[in-house]
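J.: Based on what follows, work out the 3D shape:
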Amino acid sequence: MSIQSSVAVGHVGNSAAVFPMQRLGFEVWAVPTVLFSNHPGYESHHGATVPVKTMRAMVDGIEQLDHFAQCDAILSGYLGSVATGKFVIESVERVKAENKSTPYMCDPVIGDMTRRVYVENDIAEFVRDELITHADILAPNMFELEYLTGRKQESLTDTLFAADALRARGPKTILVTSLQGRKGHKPTLSNVIVSDNGAWRVTVPQIPIRAKGTGDTFAALFLAHFLRGEKPENALMLATSTLYGIIDDTARHDGDELRLIDAQAEYLNPSFYFDAVRIG
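T.: Numbering: from 1, shown residues only. Presented below is the predicted three-dimensional model:
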């Protein structure tokens, strides 16, 4: 079950997450939190937040089909309102009451290093204070890690300390994206995972693109590989390698949106492989 935004044009939220997970072999029950024409990064966008009553009716319908016991995981992303966040917690509790082993992966979607906090303050505070405590897997970017922990991120040691602080609050697997670095004169990006299997990092060359939705796509890729039985560090490696191939393809075609359809061969056969290195 994937509870996040949906757009008519482009690839963010469920419009970025559903297809990659389907290509990796999963049926996806997509519950939209907002319905927009396109993501708000464009000059204009139109649409509306989906009422909680409507989302709850969708989840009620899934339950009436007796599908909760078949739910492999729950993924949440962009909320749109605090009420939606409370609905996510309610849905997680309902599914876990039927299938206790179902993991909940939370992509906090609060902000980034470029735009800082880009949701309403009450949403950001709700995610920090309540939502993440219900997660089994938490996937903040570097800015979100700072916001959620109140710890400035200036080194890898800072990242590992912050991840441990979040693990103490509930989620046992922390997946941190978009750590900026350099290899020689070239900029790099790293993704780090901290779990019961230790701490691991995958580093790739940085490719500048205009397209949004990389975090949504990455969360979906990681979750799909994890559910296919990969160890956390291997799921990190596969998700990072796959997304790099998609970003490379998008950059070569100067795309405004991620080329998730055109580059779909990357899901099963990535063009690039980047190793996971143990760091703790």
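
J.: Just confirm residue 165 contacts residue 149, I think it does.
T.: Yes. Using Cβ atoms under 8 Å, residue 165 is in contact with residue 149, at 5.1 Å. For glycine as for every other residue, the C-beta is placed from the backbone atoms N, C-alpha and C.

J.: Can you give me every residue that contacts residue 224?
T.: 20-21, 24-26 (Cβ atoms under 8 Å, 6 or more residues apart in numbering).

J.: repeat that with 7 Å
T.: Residue 224 makes contact with 20-21, 24, 26 under the criterion Cβ atoms under 7 Å, 6 or more residues apart in numbering.

J.: same thing with residue 132?
T.: Residue 132 is in contact with 106, 108, 138, 148, 169-171, counting by Cβ under 7 Å, 6+ apart.

J.: just these now: which is nearest residue 267?
T.: Among these, residue 106 lies closest to residue 267 (Cβ to Cβ), at 22.8 Å.

J.: would you list every one of the helices in the stretch 51-200 of the chain?
T.: Shown for the stretch 51-200 of the chain, the helices assigned by DSSP state H, counting those that start in this stretch span residues 52-64, 82-98, 121-129, 142-149, 156-167.

J.: So which of those helices is nearest residue 30?
T.: That would be, of the helices of the stretch 51-200 of the chain and by Cβ to Cβ, helix 52-64, which comes in at 9.2 Å.

J.: Which strand or helix spans residue 256?
T.: Following DSSP states H and E, there is no helix or strand that holds residue 256.

J.: could the helices of the stretch 51-200 of the chain go into JSON lines alongside distance to residue 190?
T.: Shown next, in JSON lines, are these (distance: least, Cβ to Cβ, whole Å):
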{"stretch": "helix 52-64", "distance to residue 190": "35"}
{"stretch": "helix 82-98", "distance to residue 190": "28"}
{"stretch": "helix 121-129", "distance to residue 190": "23"}
{"stretch": "helix 142-149", "distance to residue 190": "10"}
{"stretch": "helix 156-167", "distance to residue 190": "8"}
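
J.: Just name the most buried of these.
T.: The highest mean neighbour count among those, using mean count of other Cβ atoms under 10 Å, belongs to helix 142-149: a mean of 22.

J.: from the contacts of residue 224, which ones fall inside helices?
T.: Secondary structure assignment by DSSP state H places 20-21 of the contacts of residue 224 in helices.

J.: quick one: which two of the contacts of residue 224 are the most distant?
T.: 20 and 26 (9.4 Å).

J.: circling back to that earlier point, among the contacts of residue 224, name the buried ones.
T.: 20-21, 24, 26 (16 or more other Cβ atoms under 10 Å).

J.: what's the neighbour count on the nearest residue to residue 127 once chain neighbours are set aside?
T.: Leaving aside its sequence neighbours, residue 127 sits nearest to residue 108 (Cβ to Cβ, 6 or more residues apart in numbering; 4.9 Å). A count of neighbours around residue 108, defined by other Cβ atoms under 10 Å, yields 26.

J.: Contact partners for residue 108?
T.: 127, 132, 140, 144, 148.

J.: could you point out which element follows the strand or helix carrying residue 32?
T.: Using DSSP H and E, the element containing residue 32 is strand 30-36. Using DSSP H and E, the helix or strand that follows strand 30-36 in sequence is strand 47-49.

J.: how about that following strand: buried residues?
T.: 47, 49.

J.: Off-centre distance for it?
T.: Offset of strand 47-49 from its chain centre (Cα atoms, centre = their mean, to the nearest Å): 21 Å.

J.: you'd agree residue 158 is up against residue 150?
T.: No. The pair residue 158 / residue 150 is not scored as a contact, 11.7 Å apart, by Cβ atoms under 7 Å.
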